[in-house]
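Visitor: Have a look; sequence and predicted model below, questions after that.
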Amino acid sequence: TGVILEPLPIDRLIAGLPKAVANLGEDHWLDAAEAIMTTDTQPKAASMTVDTPSGLVTITGICKGAGMIHPNMATMLGFIATDAGFAPGLLNQLTREIADLSFNAITIDGDTSTNDSFIIMATGQSSVQIQSAAEPSYALVRAALIDLARKLAQMIVRDGEGATKFITIDVQGGKTEEECRLVAEAVAHSPLVKTAFFASDPNLGRILAAIGYAGITDLDVNQVQMWLGDVWVAKNGGRHPDYQEADGQRVMQAEEITVKIDLGRGSAQQTMWTCDLSHDYVSINADYRS
């Protein structure tokens, strides 16, 4: 990825390819993770193994991203490789599903870019060969791939430009997953919400306002419940009668915070991960090219 409208030095890239190919190695994952960094403060990599009825599967991935992050993916690169074998059509479908559950469920600043990629590569070098979703190994490998992709995606949020807090937005009780996603995205994207988190200010109205303008036209606000961490802050659309400002502030001062919202409309659920918006974010992006 790079600055939009700034041409890449193609001649230098082509000239460097033979040396890069000659230096290929099985243990160069960290080198690759460092090579794709831009405003990242640290490389992002993860690996795991999963034991299936057909044998052991290894999954390893790297990614990069710290700003201009908002679904769909935006300025990020993600690469996951597994030695399991997959039918191509099945892997293509699974890759899209995994993207929606991980890299398309994060936002740092609500901005997007022209440059992004998420690729899953299945080498087929292990004894595990998956041809259909009905096979016993499929569910195990699928769950592991989702877990690893989420770990990588959350690394991006934790390394967000100027970020000081990692925030989970968990929306439950929707009629559909899509309306839950709308609410989660509205809250996670709101500059007013994100700056309140930076200041450790439990400004409940900002979060409730984002729920209201998320786009659910028939939302009954009297059914909405909300929690900050373990504190029930909004009951039936209004301030919980037992809520104390000090309890909300205690939660907001933590480095990791969960906002739970129950829409009271059904059984659908969606989760997004975001970060706060700080002075440093402005500084980083104000002089990005200088």
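Guide: Done, it's in.

Visitor: ok, Leu192 touching Ile207?
Guide: No: assessed by C-beta atoms under 8 Å, Leu192 is found out of contact with Ile207, at 9.1 Å. Using the backbone N, CA and C atoms, a C-beta is placed for each residue, glycine as well.

Visitor: who's more crowded, those two?
Guide: Shown here are Leu192 and Ile207; by other C-beta atoms under 10 Å, Ile207 has more neighbours (24 against 13).

Visitor: Following the chain past the longest helix seen in the chain, name the next helix or strand.
Guide: In the chain, assigned by DSSP state H, the helix with the most residues is helix 136-158. Next in sequence after helix 136-158, counting helices and strands by DSSP states H and E, comes strand 166-174.

Visitor: and the next helix or strand after that following strand, what does it pack onto?
Guide: Going down the chain from strand 166-174, the next helix or strand is helix 177-189, by DSSP H and E. Here helix 177-189 touches strand 106-107, strand 166-174, helix 204-212, strand 256-262, strand 268-275, going by 3 or more C-beta pairs under 8 Å, 6 or more residues apart in numbering; DSSP states H and E.

Visitor: could I get the ones you listed as TSV with mean pLDDT and distance to Ala99?
Guide: Listed next are these as TSV, based on pLDDT from 0 to 100; distance: least, C-beta to C-beta, whole Å:
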stretch	mean pLDDT	distance to Ala99
strand 106-107	94	11
strand 166-174	98	18
helix 204-212	96	24
strand 256-262	98	23
strand 268-275	97	14
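
Visitor: contacting residues for the residue nearest the centre of the chain?
Guide: Nearest to the geometric centre of the chain sits Ile106, at 3.1 Å (C-alpha atoms, centre = their mean). Under the criterion of C-beta atoms under 8 Å, 6 or more residues apart in numbering, the neighbours of Ile106 are 69, 71, 153-154, 156-157, 272-274.

Visitor: what's the pLDDT at Ser290?
Guide: What the model reports for Ser290 is a pLDDT of 61.

Visitor: do Asp287 as well
Guide: On the pLDDT scale, Asp287 gets 78.

Visitor: so how far is Thr39 from it?
Guide: Counting by C-beta to C-beta, to the nearest Å, the separation of Asp287 from Thr39 is 11 Å.

Visitor: Also Ser54?
Guide: From Ser54 to Thr39 the distance is 41 Å (C-beta to C-beta).

Visitor: Same question for the helix or strand of the chain with the lowest mean pLDDT: list its buried residues.
Guide: The weakest-scoring helix or strand in the chain, judged by mean pLDDT, DSSP states H and E, is helix 279-286 (a mean of 89). Residues 281, 285 are the ones in helix 279-286 that count as buried (16 or more other C-beta atoms under 10 Å).

Visitor: That one vs strand 268-275, what angle?
Guide: Orientation check (axes from the mean of the first three to the mean of the last three C-alpha atoms, to 10 degrees): helix 279-286 against strand 268-275 gives 80 degrees.

Visitor: Low-confidence ranges, the chain, go.
Guide: Within the chain, the ranges that satisfy pLDDT under 70 run 1, 73-74, 290.

Visitor: and it, what are its domains?
Guide: The chain breaks down by automatic domain parsing into domains covering 10-158, 166-286.

Visitor: Including distance to Ile4, could these go into a markdown table?
Guide: Below are those laid out as a markdown table (distance: least, C-beta to C-beta, whole Å):
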| stretch | distance to Ile4 |
| --- | --- |
| domain 10-158 | 6 |
| domain 166-286 | 13 |
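
Visitor: Doesn't Ala99 lie inside a strand?
Guide: No: according to DSSP: H, G, I helix; E, B strand; the rest coil, Ala99 belongs to no strand; its state is helix.

Visitor: Could you find the closest non-adjacent residue to it?
Guide: Using C-beta to C-beta, 6 or more residues apart in numbering and skipping the chain neighbours, the partner closest in space to Ala99 is Phe118 (5.2 Å).

Visitor: Between Asp287 and Thr39, point out the one with more neighbours.
Guide: Shown here are Asp287 and Thr39; by other C-beta under 10 Å, Thr39 has more neighbours (18 against 8).

Visitor: Perfect, I'm done here.
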